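Q: below are the sequence and a predicted model for it; my questions follow.
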Amino acid sequence: MAPVMAQDVTVNDLPWLLEYSPERCQMCGKCLAVCTFQAIEAATERRLASPGGGNAPAYRLAPVIRQSGKLAEACVGCGMCAKVCPNRAIRPVRNPDSRSELLVRSGGLPAKRGGRNNLLKGRTLDEIVVGRISQMTDPALDSERHTFDIRAPFGRVLGAGALPLAAEGGLLQVTGKTPPVRWIYPVIFGDMSVGALSPRAWEAICLATAYLNEVHHLPVRMCTGEGGLPPGLLRSEHLQYMILQIASGHFGWNRIIAAMPEMQTDPAGILIKIGQGAKPGDGGLLPAVKVAEHIRAIRGVPKADLLSPPNHQGLYSIEESVQKMHLSMGAAFGFRVPVAIKCAASSTSVSVYNNLLRDPYQICGGFFLDGIQGGTGAANTVSLEHTGHPLVSKVRECYLAAVNQGRQGQVPLWAGGGIGMTGQAAADAFKLICLGANGVFIAKLLIQLCGCVGNENGRCNACHTGRCPVGICTQDPRLIRRLDVDKAAQNIVDYMLAFDSELRKLMAPVGNSSLPVGRSDALVSVDKAVADALAIAYAC
Amino acid sequence: MCRIGAIKSKAPVHPSQALRLMMPQQEGHDNSGFAMVMQDLGGLFAPYPDLPLLSLACTQKGTQLVEDYMEARNFHRVFEWVPKPKRRTGQDIKAMPHYIFRCYDYPEQYAKAAWEEKQELLLDARLELRSLLEQQQAGYVYSFWPNVLTLKEIGKPHDIADYFRLWEDNGELQAKNIVVQCRQNTNYEVVRYAAHPFFLQGYTLCANGENTFFTRNRDFQRSLHRGYIGFESDSQNFLYTLHYVLHVLKWPVQYYKHVITPLPAAEMEGRKDGDALRLIRQSLAHLEINGPNTVIAMLPDGSLLSCCDGKKLRPVVIGGDAATKVITSEVCGLNAVLPRRKTEEDVYPHEREVVIITPDLEVQRWLQ
Ligand code: SF4
Ligand code: SF4
């Protein structure tokens, strides 16, 4: 009898098991070829051929596909094998008795992964419904026939009293400078870097952005993430759709600055990333495996783990941040480009927002609040699961803080982190807007539209490994080829067109032709605690 | 749907005209109240155009509170009109025990004060009186302003008029401008303060419809000005925005329309004031209205103004002759008071129009 050691790791310890039917398998090997994690291998097994007539039973060798029992080769449940199998002979199933959380730290290092928080189950937005429907007291609008004005501000909006206006011949004329404000679609594609994403995935999002703008006239903007952007794009007209991100690593900015004299147009905006909802305080991380040749060129870095510090070196207070970052970024583009800031949602968000609202320079062009359900390409699991703040109540609190000062809308509030987790981004956006957001930003949803199979139930989430099975979160040329750029872009465009229609379908019944920012009266919650926390009506 | 109306006349007219304007429009209605604001008064008040006139309904205790307050603030009573109610059995009116329509002289220290200063004084006095009466549940104060009289009551408009003898044109009550409405709030609780027209520092307004941006307007207006209070009705949003745009920001009148129903961005481009329009929309996004609405407003100079929501979901008609102009919800009312006018000159403004009737009765149509 073979000895068994208690510490041996076997297939049964891993998070996913493969359900395999040898009788259906034709041994074509497609699953082996497609699995990027070496989670399966071709093997032979000894089988009883016949019960045997005499004393010796007869055996035969059967070729099989077998799951690897090694931790480093654990199946991630991506389902690519099932996708390619012509006979439906194999598919991954969750292992409820997995011991992998205990095993992955065996090297003495923190566990890492990509994706979203997997622990939080409830979703506040799903406890809220649009309960104020125009019935008799006022007519609902017709979502197909009426014109709707679906635009959101990006940039610092001044109070009416501070506007430099003077009447000349009965008409008001602008007599002084005001901060730049762009009216854009209330959805920003954000902020996944070239580096975190494969060039094809990044290109697909760029293509979708340009197509939505130029063909469908939806002024959607895309944020670059921290990592710069390709030199060709920097020098093209399409830069007008891009929001350039600067984070603590300043990656890509030497190239951006070098390109400035040759820029054909201003970028759509600058987003200073202070923190990220998925892993606040953890800093950025691009594992060395993903630092490919072109990434090194764009960012000007060697092949190594690229870590953005958890804070901006040299910024020790909010005032500092306002003065240094906002002013210098604003000045870099002649104060023609709005500069906004992105923070992880946190218990301190309202204080930050108050400071931005009251800052005497009136220069912060947007407060991007990123909730705990946002995604990431690579993070320490402990940060991903246990740090961060739910988005919804924080957006509401920030909005109400602005209401108390009569400054709502002056520093536009953009909400992100888990938008469209259920696939229904328009409803999420609408509810957040009613609670006070001016717009939303989405990211994980975009790559899911491109084909990412990762989810919040522990599926895949292997973005940090460089072995993304669908060619999205990898720089491996063979894997990248799995992604059809045009199809990916098309999926995003289709989704956004549907989003636009669905948003109208929500605006019409509440009788609004422009975005109902702060119309909390349109919402009711079926959960009393949620209703109370958000100061909306409770209904049952 | 409420029916609203306004009469502007060269010679002062009696409130019975306003009633005649509204009665035919009340067909099939709950007719739950009567409210009017009269401006540029004739009759008994004609000698006192410059003295602030207090319009108030209260209990016995309320009268004492008002007396004490006005005395403490050094307002001296100059003239008073006490309505002599005609009580009949079966009258449908929830009358208050006392109605005060009193002209006061300004406190001595304000004798030489600028009008700007007096405007603030009068508003403060009204707000203080309101909170005083509210605390003691002793009454309602509607306006305190020179040459402006407000009457509001709950009940059947016909009976309310009967009670106050408004049908009898005895020359006592007259005004060149009357803004009127014959219904209590139907959406929410019936409270006297919820009945339009609403008045604030020379601006009067009533609105027919539903402002679906009520919450968002209210949340913004609350911190804009101390006079923006109450919010018993979504029509107050319209008044406060009118006051903010014209009185606080001092922008030309047409910008009121640009604030409540801004042009789409594409249409702003190419306008001479396109840059200003963009900034205005940006800064005052929370004063935009939505939902079906028609507004009738009266400005401090006695001009009447009307405009509506961006989709023109509620009716309004403007008509008149050389001596009288009327803005009202339905043409049947106009026919009742001015049957011989040239109906072909009636104006049915569309969603982009602002109609202004100037003090000399010129009808200006201004396209947004
Ligand atoms: S599910 Fe994915 S990781 Fe698992 S065996 Fe199949 S291809 Fe490999
Ligand atoms: S499919 Fe790619 S992007 Fe999606 S979770 Fe897996 S590794 Fe990450």
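A: Looks like it came in fine. Numbering: from 1, shown residues only, chains lettered A, B, ... in the order given. Ligands and ions are numbered 1, 2, ... in the order given.
Q: can you list the low-confidence ranges for the chain?
A: Because you didn't say which chain, this covers chain A. Scanning chain A for pLDDT under 70 picks out A:1, A:51-54, A:136-139, A:312-316, A:318-319, A:321-322.
Q: ah, no, chain B please
A: Ranges of chain B meeting pLDDT under 70: B:1, B:28-30, B:184-190.
Q: most proximal residue of it with respect to ligand 1?
A: Nearest to ligand 1, among the residues of chain B, is B:A265, at 47.6 Å (C-beta to the nearest ligand atom). The way it works is simple: take the backbone N, C-alpha and C, and place the C-beta from them, glycine included.
Q: the stretch 301-450 of chain A too?
A: For the stretch 301-450 of chain A, C-beta to the nearest ligand atom, closest residue to ligand 1: A:Q448, 16.5 Å.
Q: quick one: residues contacting that residue.
A: Going by C-beta atoms under 8 Å, 6 or more residues apart in numbering or on different chains, A:Q448 touches A:G454.
Q: pop out the phi and psi values for the nearest residue to B:H76 once chain neighbours are set aside.
A: Using C-beta to C-beta, 6 or more residues apart in numbering or on different chains and skipping the chain neighbours, the partner closest in space to B:H76 is B:D105 (4.4 Å). Dihedral angles of B:D105 (phi, psi; degrees, to the nearest 10) stand at phi -90, psi 150.
Q: how many other residues sit next to B:D105?
A: As a burial measure, B:D105 scores 17 neighbours (other C-beta atoms under 10 Å in any protein chain shown).
Q: same question for the helix or strand encompassing B:H258: list its buried residues.
A: In the assignment (DSSP states H and E), B:H258 maps to helix B:255-260. Residues of helix B:255-260 classed as buried: B:Y255, B:Y256, B:K257, B:H258, B:V259, B:I260 (neighbour count, 16 or more other C-beta atoms under 10 Å in any protein chain shown).
Q: what is the subsequent helix or strand relative to it?
A: helix B:265-268.
Q: do the helix or strand following that following helix and chain A meet?
A: Next in sequence after helix B:265-268, counting helices and strands by DSSP H and E, comes helix B:274-283. Yes. In terms of C-beta under 8 Å from any C-beta of the partner chain, part of helix B:274-283 sits within range of chain A, namely B:D275, B:A276, B:L277, B:L279, B:I280, B:Q282, B:S283.
Q: for B:A276, see how far away the residue nearest to the last one when sequence neighbours are not counted is.
A: To tie it back to what came earlier, the one meant is B:S283. In space, and not counting its chain neighbours, B:S283 is closest to A:A160: 4.4 Å by C-beta to C-beta, 6+ apart. Distance, A:A160 to B:A276, using C-beta to C-beta, to the nearest Å: 11 Å.
Q: can you pull out the strands in the stretch 151-300 of chain A?
A: With DSSP state E, counting those that start in this stretch as the criterion, the stretch 151-300 of chain A has strands at A:152-155, A:165-168, A:171-174, A:181-184, A:187-189, A:221-223, A:242-246, A:269-273, A:284-286.
Q: more crowded one of A:A160 and B:A276?
A: The neighbour comparison of A:A160 against B:A276 (other C-beta under 10 Å) goes to B:A276, with 24 against 20.
Q: what residues are bridge-paired with the closest residue to that one other than its chain neighbours?
A: Closest residue in space to B:A276, ignoring its immediate chain neighbours: A:L172 at 3.9 Å, by C-beta to C-beta, 6+ apart. Beta bridges link A:L172 to A:A167 when assigned by DSSP bridges.
Q: tell me the contacts of A:L172?
A: Contacts of A:L172 (C-beta under 8 Å, 6+ apart): A:L165, A:A166, B:W251, B:P252, B:Y255, B:D273, B:A276, B:L277, B:I280.
Q: got it, and A:H238?
A: A:C206, A:A210.
Q: per the record, what domains does chain A have?
A: Residue ranges for the domains of chain A, per automatic domain parsing: A:11-50+A:58-103, A:183-509.
Q: how about the ones you listed in TSV, adding distance to A:G122?
A: Shown next, in TSV, are those (distance: least, C-beta to C-beta, whole Å):
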stretch	distance to A:G122
domain A:11-50+A:58-103	20
domain A:183-509	9
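Q: among those domains, which is the most enclosed?
A: domain A:183-509 (a mean of 21; mean count of other C-beta atoms under 10 Å in any protein chain shown).
Q: measure it end to end?
A: 24 Å (C-alpha to C-alpha, to the nearest Å).
Q: can it be said to contact ligand 2?
A: Yes. Using C-beta under 6 Å from any ligand atom, domain A:183-509 reaches ligand 2 at A:447, A:452-454, A:460-463, A:468-470, A:472-473.
Q: sitting in helices, which of these do you find?
A: Counting by DSSP state H, the residues of domain A:183-509 next to ligand 2 place A:I447 in helices.
Q: ok, the residues of domain A:183-509 next to ligand 2 vs B:G42, which is closest?
A: B:G42 has its nearest neighbour among the residues of domain A:183-509 next to ligand 2 in A:I447, at 74.4 Å by C-beta to C-beta.
Q: that closest one is in contact with A:C468, isn't it?
A: No. Applying C-beta atoms under 8 Å as the test, A:I447 and A:C468 come out as separate, 9.2 Å apart.
Q: on that earlier part again, for B:E128, which of the strands of the stretch 151-300 of chain A is the nearest?
A: strand A:165-168 (33.4 Å).
Q: give me the helices and strands touching that closest one, please.
A: Secondary-structure packing of strand A:165-168 (3 or more C-beta pairs under 8 Å, 6 or more residues apart in numbering or on different chains; DSSP states H and E): strand A:171-174, helix B:274-283.
Q: taking the stretch 251-400 of chain A, what residue is nearest to chain B?
A: A:L400 (8.5 Å; C-beta to the nearest C-beta).
Q: what's that residue sitting at in phi/psi?
A: phi -70, psi -30.
Q: related to what we said a few turns ago, so which of the residues of domain A:183-509 next to ligand 2 belong to strands?
A: Among the residues of domain A:183-509 next to ligand 2, the subset assigned to strands under DSSP state E is empty.
Q: quick check: closest non-adjacent residue to A:L14.
A: With C-beta to C-beta, 6+ apart, the residue lying closest to A:L14 is A:A74, at 4.5 Å.
Q: which stretches of the stretch 351-500 of chain A form helices?
A: With helices called from DSSP state H, counting those that start in this stretch, the stretch 351-500 of chain A shows them at A:381-386, A:391-404, A:425-435, A:444-450, A:477-480, A:485-507.
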